[in-house]
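# Okay, predicted coordinates and the sequence, questions at the end:
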Amino acid sequence: MAYYDIQRHPRYQEIRVEGGLTWDLVREIITELAKAEDFPTLHALWTFGPNVRPLAFHEFDRVIGLLEALYARGPTAKKVALVVPVSFARATAELFVKQAGGLPIELRVFSTRADAAAWLGV
């Protein structure tokens, strides 16, 4: 069973995810994140647990389309860090980041939360 938790901080939102990622779950999380008043400028720190099952490749375009719609107003200085400790899931995340390269946000994949937080400056 999939589970997520969102913690809001002054400069970023932290999302912890466990279980299997699906289009519906990702859409639900992003919709919840977008409710923050300053969403376009808040960095995001996604941390995936050791039991995460990555999003299916055929769902990448749907997620990218949703993100394009959210950021259609133009580029921001927003950074999104994906912390993925499991090698298969991390490789899948790296593929997603490559495919999402045209988004007006900066996405990176990390193995540890500490490295991701340092990159975000939080």
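Looks like it came in fine.
# which residue is nearest the middle of the protein?
residue 46 (5.0 Å; C-alpha atoms, centre = their mean).
# Now do the contacts for that one.
Applying C-beta atoms under 8 Å, 6 or more residues apart in numbering, we find residue 46 in contact with 15, 17, 80-83. Where C-beta positions appear, they are placed from N, C-alpha and C, glycine not excepted.
# For the protein, which segments count as helices?
23-33, 60-70, 87-99, 113-120 (DSSP state H).
# quick one: the longest one to chain centroid distance?
Chain-centre distance of helix 87-99: 12 Å, with C-alpha atoms, centre = their mean, to the nearest Å.
# what do you get for stretch 92-110?
9 Å.
# got the buried residues for that stretch?
Across stretch 92-110, burial judged by 16 or more other C-beta atoms under 10 Å covers 92-93, 96-97, 100, 103-110.
# Need those residues in CSV (columns: distance to residue 4 and pLDDT).
Formatted as CSV, the buried residues of stretch 92-110 follow (distance: C-beta to C-beta, whole Å; pLDDT from 0 to 100):
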residue, distance to residue 4, pLDDT
92, 17, 94
93, 16, 95
96, 17, 96
97, 20, 96
100, 19, 95
103, 21, 90
104, 24, 88
105, 20, 89
106, 22, 92
107, 18, 95
108, 20, 97
109, 18, 97
110, 18, 97
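# Out of the residues you listed, give me the two with the largest separation.
92 and 104 (22.7 Å; C-beta to C-beta).
# from the chain's centre, how far out does stretch 14-22 sit?
With C-alpha atoms, centre = their mean, you get 9 Å for stretch 14-22.
# now do the same end-to-end measure for it.
Terminal residues of stretch 14-22 are spaced 19 Å apart (C-alpha to C-alpha, to the nearest Å).
# contacts for it?
Taking C-beta under 8 Å, 6+ apart as the rule, stretch 14-22 contacts 1-8, 25, 29, 33, 44-49, 51-56, 59.
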